[in-house]
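K.L.:
Build me a model:
(chains A and B)
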There are 2 protein chains.
Amino acid sequence: MAEVAFQGERGAFSEEAAVAALGPGIELVPCRSFPEVFSAVAEGKATYGVIPIENSLTGSIHTNYDLLLAHDLHIVGETELPIRHCLLALPGVRLAGIRRVLSHPQALAQCERTLRALLPRAELVPVYDTAGSALILRREGLRDAAAIAGRRAAQIYGMEVLVEDLADSPENYTRFLVLGREPVVPEGPAKTSIVFAAENVPGALYRCLEPFATRGIDLTKIESRPVRERRWEYLFYVDFAGSAHEDRCRDSLEELRGRTTFLRVLGSYPRMAR
Amino acid sequence: MAEVAFQGERGAFSEEAAVAALGPGIELVPCRSFPEVFSAVAEGKATYGVIPIENSLTGSIHTNYDLLLAHDLHIVGETELPIRHCLLALPGVRLAGIRRVLSHPQALAQCERTLRALLPRAELVPVYDTAGSALILRREGLRDAAAIAGRRAAQIYGMEVLVEDLADSPENYTRFLVLGREPVVPEGPAKTSIVFAAENVPGALYRCLEPFATRGIDLTKIESRPVRERRWEYLFYVDFAGSAHEDRCRDSLEELRGRTTFLRVLGSYPRMAR
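P.N.:
Down below sits the predicted model:
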């Protein structure tokens, strides 16, 4: 049975992503922080690690890109999860009895309009984590409070789902990466993630995209990031459709290498169907 | 005296950015949320709004890009602020007496290693806001607790700075935008922010960058964002050096318009010297 490291309390969205990516038959290894997830995989305490890399509302998680560069792990898979904030309470608690709503500040903010309409007099109490808010209710037996967390947290802490989808805007998706110690050779539709640095001169990025454009390779993500106190000025994160083991992708990467000051292939992996 | 709207409690990093961008002689208008900042400017309750747009560790703030697209405001300035987390306490409180440290979960995480070394037995208590943690200490007169917030919060709430720079990693910068109701024509070095959408076909982005590359216009930021449930598939956020009022930039934008399904100039503004 594969051990899978993730960041957060049991019932966190990362745990949901781990099960979505690797199936229910895994042993879950909760970690306190993202660096701990990377270390767990690097040191063999877990076979895989699952980390969030970008969210449709809050953007890319640069700290996890930094950790990818700091470790020699490989991206071996991806999965995308709709972040569905549910209103949870202990069994038997009804909406009318709720005086306080606990959750991570971001979740409270994303549900604020709906909460105000549903529970106009409830106090919103920010806590450190979404799944953690369910854990607090369970541990302290709070019957005048609700938590905002995912459906999985409801199962794990034996809570009832009072409202299924509480968010004001439905466009909340997080993309997660699966990390392993060895690279994989994907069969079928694949995706490759790379990081490169280019000199900060006009047209530099344009020249770096040419090797992909001339071969008709589709980019699925591009993002620049200024780098301070290093010899290069910009890092670029690029994902493209295809595997680094295909000829045309290998040729593109070879050509790109000559136009960059730094290039690293973070991994080729099966592309998730949308 | 110009009224300037920002999100957060008095003493927030956004307030610091507002003063850095517009000088000390402004009237500060604290708002509860980012949408409220936009509304305050749109409805004339404030002359300017100051919003964070990207952080060196946590990436771009997509929700603020969404709000830029939803409103008819213009970017009229930018400023970049080092986020320096200080350990604050009420006057007379000493390190040895601190049992709890309050702050936003992200600030606690960014200072965790240093905190563990400095105060190994202190409990870390997540609250909704950095400046808010200083406010709580002041309001409740807590003398066994410290807060992590900026130096400005210390001034505003009459706290002492026990440790000046608590963060484990020094690379924490946030870029802020200044918003106004009318566009400006910048004198001297300028920057322009645009948003455009391109068809999701191989080489599309490459073709969109050509108008800038051929004119030697330097890009300072690029980021793609998948768009769901809309007619286009990808939005691109691009910043470039120069003003939309210069001929070569205007020509580039004209050429770009023909290659995109959507293009909006968010503003040209004086470029901050680094």
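K.L.:
who touches A:Ser243 in this structure?
P.N.:
A:185-186, A:190, A:192, A:249, A:268 (Cβ atoms under 8 Å, 6 or more residues apart in numbering or on different chains). Quick note: C-beta positions are derived from backbone N, CA and C, even for glycine.
K.L.:
And A:Arg225, by the same measure?
P.N.:
A:Arg225 neighbours (Cβ under 8 Å, 6+ apart): A:62, A:65, A:234-237, B:56.
K.L.:
Over to A:Ala145?
P.N.:
Contacts of A:Ala145 (Cβ under 8 Å, 6+ apart): A:89, A:98-102, A:125, A:137.
K.L.:
Drop anything exposed from these.
P.N.:
The neighbour-count test (16 or more other Cβ atoms under 10 Å in any protein chain shown) marks A:89, A:98, A:101-102, A:125, A:137 as buried among the contacts of A:Ala145.
K.L.:
Can you pick out the most distant pair from these?
P.N.:
Within the buried ones among the contacts of A:Ala145, A:Ala89 and A:Val125 form the most distant pair, 13.9 Å apart (Cβ to Cβ).
K.L.:
Among the contacts of A:Ser243, which lie within helices?
P.N.:
Mapping the contacts of A:Ser243 onto helices (DSSP state H) picks out A:Cys249.
K.L.:
Selecting buried members of the contacts of A:Ser243 in ChimeraX, what would you type?
P.N.:
Burial among the contacts of A:Ser243 is assessed by 16+ other Cβ under 10 Å; the matching ChimeraX selection reads:
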select /A:186,190,192,249,268
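K.L.:
of the contacts of A:Ser243, closest to chain B?
P.N.:
Closest approach between these and chain B, by Cβ to the nearest Cβ: A:Cys249, at 12.2 Å.
K.L.:
For that closest one, which non-adjacent residue is closest in space?
P.N.:
Leaving aside its chain neighbours, A:Cys249 sits nearest to A:Gly242 (4.3 Å; criterion: Cβ to Cβ, 6 or more residues apart in numbering or on different chains).
K.L.:
Surely the one you found is in contact with A:Gly188?
P.N.:
No: here A:Gly242 does not reach A:Gly188: they are 11.5 Å apart, not a contact under Cβ atoms under 8 Å.
K.L.:
Between the two, tell me which one has more neighbours.
P.N.:
The neighbour comparison of A:Gly242 against A:Gly188 (other Cβ atoms under 10 Å in any protein chain shown) goes to A:Gly242, with 22 against 8.
K.L.:
who's in contact with the more buried one?
P.N.:
A:190-192, A:217-218, A:248-249, A:268.
K.L.:
A:Leu235 is in what secondary structure piece?
P.N.:
For A:Leu235, the element it lies in under DSSP states H and E is strand A:234-241.
K.L.:
CA atoms only for that strand, dumped as PDB, please.
P.N.:
Output in PDB follows, covering the C-alpha atoms of strand A:234-241 (Å, rounded to 0.1, in the frame of the first residue of the first chain):
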ATOM      1  CA  TYR A 234      13.200  36.100 -14.500                       C
ATOM      2  CA  LEU A 235      12.100  32.600 -14.000                       C
ATOM      3  CA  PHE A 236       9.400  31.100 -16.200                       C
ATOM      4  CA  TYR A 237       7.000  28.300 -15.300                       C
ATOM      5  CA  VAL A 238       5.700  26.600 -18.500                       C
ATOM      6  CA  ASP A 239       3.500  23.500 -18.900                       C
ATOM      7  CA  PHE A 240       3.000  22.100 -22.400                       C
ATOM      8  CA  ALA A 241       1.000  19.200 -23.900                       C
END
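K.L.:
Indicate each strand paired with that strand and its parallel or antiparallel sense.
P.N.:
In the sheet, strand A:234-241 lines up against strand A:190-198 (antiparallel), strand A:219-226 (antiparallel) (DSSP bridges).
K.L.:
Tell me which helix or strand comes right after the first one.
P.N.:
Next in sequence after strand A:190-198, counting helices and strands by DSSP H and E, comes helix A:204-213.
K.L.:
Up against chain B, what does the stretch 51-200 of chain A have?
P.N.:
A:54-63, A:66, A:104-105, A:109, A:112, A:126-129, A:171, A:173, A:200 (Cβ under 8 Å from any Cβ of the partner chain).
K.L.:
The residues you listed in helices, which ones?
P.N.:
Per DSSP H, those map to helices at A:62-63, A:66, A:105, A:109, A:112.
K.L.:
Give me the contacts around the strand holding A:Leu235.
P.N.:
A:60, A:65, A:189-198, A:200, A:204-205, A:208, A:212, A:217-227, A:249, A:252, A:262, A:271, B:222.
K.L.:
Would you mind putting the CA coordinates of the helix or strand hosting A:Ala153 into CSV?
P.N.:
Per DSSP H and E: A:Ala153 is located in helix A:151-157. Extracted C-alpha coordinates of helix A:151-157, given in CSV (Å, rounded to 0.1, in the frame of the first residue of the first chain):
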residue,chain,number,x,y,z
ARG,A,151,-17.4,16.9,2.3
ARG,A,152,-14.5,14.6,3.2
ALA,A,153,-14.0,16.4,6.5
ALA,A,154,-17.7,15.7,7.3
GLN,A,155,-17.2,12.0,6.8
ILE,A,156,-14.0,11.9,8.8
TYR,A,157,-15.2,13.8,11.8
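K.L.:
now what about that helix, what contacts it?
P.N.:
A:9-13, A:15-16, A:19, A:84, A:86, A:88, A:130-131, A:134-135, A:137-138, A:147, A:159-161, A:164.
K.L.:
Give the helix, strand or coil label for the residue sitting nearest the centre point of chain A.
P.N.:
For chain A, A:Pro52 is the residue whose C-alpha lies nearest the centre (Cα atoms, centre = their mean; 1.5 Å). Under DSSP: H, G, I helix; E, B strand; the rest coil, A:Pro52 falls in the strand class.
K.L.:
Test of understanding: give the bridge partners of it.
P.N.:
In beta-bridge terms (that is, DSSP bridges), A:Pro52 pairs with A:Phe176.
K.L.:
any idea how far it is from A:Gln110?
P.N.:
Note on A:Pro52: its distance to A:Gln110, by Cβ to Cβ, to the nearest Å, is 15 Å.
K.L.:
Repeat that for A:Leu118.
P.N.:
Separation of A:Leu118 from A:Gln110 (Cβ to Cβ) stands at 14 Å.
K.L.:
So for the two, which residue has more residues nearby?
P.N.:
Higher neighbour count among A:Leu118 and A:Gln110: A:Gln110, with 23 against 17, using other Cβ under 10 Å.
K.L.:
Was I right to think that one contacts A:Pro170?
P.N.:
No: counting by Cβ under 8 Å, A:Pro170 is not a contact partner of A:Gln110; they are 10.5 Å apart.
K.L.:
neighbours around the nearest residue to A:Arg215 once chain neighbours are set aside, how many?
P.N.:
Using Cβ to Cβ, 6+ apart and skipping the chain neighbours, the partner closest in space to A:Arg215 is A:Arg248 (4.7 Å). As a burial measure, A:Arg248 scores 14 neighbours (other Cβ under 10 Å).
K.L.:
tell me the contacts of A:Arg248?
P.N.:
So A:Arg248 contacts A:215, A:217, A:242 (Cβ under 8 Å, 6+ apart).
K.L.:
what's the distance between stretch A:250-265 and the middle of its chain?
P.N.:
Stretch A:250-265 sits 26 Å away from the centroid of its parent chain (Cα atoms, centre = their mean, to the nearest Å).
K.L.:
does any bit of it sit next to chain B?
P.N.:
No: legend: contact between stretch A:250-265 and chain B by Cβ under 8 Å from any Cβ is lacking; minimum distance shown is 11.2 Å.
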